[in-house]
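*Asks:* predicted model follows, preceded by the sequence.
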Amino acid sequence: MKDYVRIENVSLNYVDAYLKKGWEVIETLRYSETYGSDNRVEYHIGLPARVWANDLLAVIQQYEEKGFKEKLFEAVAEEHGQKVSDYNQFGYRSSGDETAVFMEKYETAVQNKEVIISKESSNYSL
């Protein structure tokens, strides 16, 4: 069974627009509103989790291109009383503090890569 993050019911007039955005038809429902009238079709459509995740990653990539990744890391470090410039990716084991854990989790979730963030005295910034 597929995972959907949203499910909608739409008429034939709207289904194509949703399909172009990556939605999928889950099932159709045919019914008649009154006796003797034309049959109608309603589409149950779902937004797959993979499509939604890809859309989010595209937005995050745009943020990164504008330098917001660095600003985010700076804000997280400052929130924990640290300086982002004290962290680097060249250590053998993680610092394990909140800032390093956040940075590692970000890289895993967004960049799909495992990194080790160490806190050392250096001028290298991420």
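*Replies:* It's in.
*Asks:* please point out which parts of the helix or strand hosting Asp16 sit buried.
*Replies:* Using DSSP states H and E, the element containing Asp16 is helix 12-20. Applying a neighbour-count criterion of 16 or more other Cβ atoms under 10 Å, one finds Val15, Tyr18 buried in helix 12-20. The way it works is simple: take the backbone N, C-alpha and C, and place the C-beta from them, glycine included.
*Asks:* neighbouring contacts of it?
*Replies:* Applying Cβ atoms under 8 Å, 6 or more residues apart in numbering, the contact partners of helix 12-20 are Glu8, Val10, Val25, Val41, Tyr43, Ile45.
*Asks:* contacts only, for the fourth one.
*Replies:* When you say that, I think you mean Val41. Ser11, Leu12, Thr28, Leu29, Arg30.
*Asks:* what's the angle from the next helix-or-strand element following the helix holding Asp16 to helix 12-20?
*Replies:* Counting by DSSP H and E, the next helix or strand C-terminal to helix 12-20 is strand 24-32. Relative orientation of strand 24-32 versus helix 12-20 (axes from the mean of the first three to the mean of the last three Cα atoms, to 10 degrees): 170 degrees.
*Asks:* could I get the CA-only coordinates of strand 24-32 as CSV?
*Replies:* Below are the C-alpha coordinates for strand 24-32, written out as CSV (Å, rounded to 0.1, in the frame of the first residue of the first chain):
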residue,chain,number,x,y,z
GLU,A,24,-2.4,9.6,-8.2
VAL,A,25,-5.9,8.2,-8.7
ILE,A,26,-6.7,5.8,-5.8
GLU,A,27,-10.1,4.9,-7.0
THR,A,28,-13.2,6.2,-8.8
LEU,A,29,-16.7,6.4,-7.6
ARG,A,30,-19.6,6.4,-10.0
TYR,A,31,-23.0,7.5,-8.8
SER,A,32,-26.2,9.1,-9.9
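*Asks:* now do that strand: distance to the chain's middle.
*Replies:* Centroid displacement of strand 24-32 relative to its chain, using Cα atoms, centre = their mean, to the nearest Å, is 29 Å.
*Asks:* would you mark the buried spots in it?
*Replies:* Buried, per 16+ other Cβ under 10 Å, within strand 24-32: nothing.
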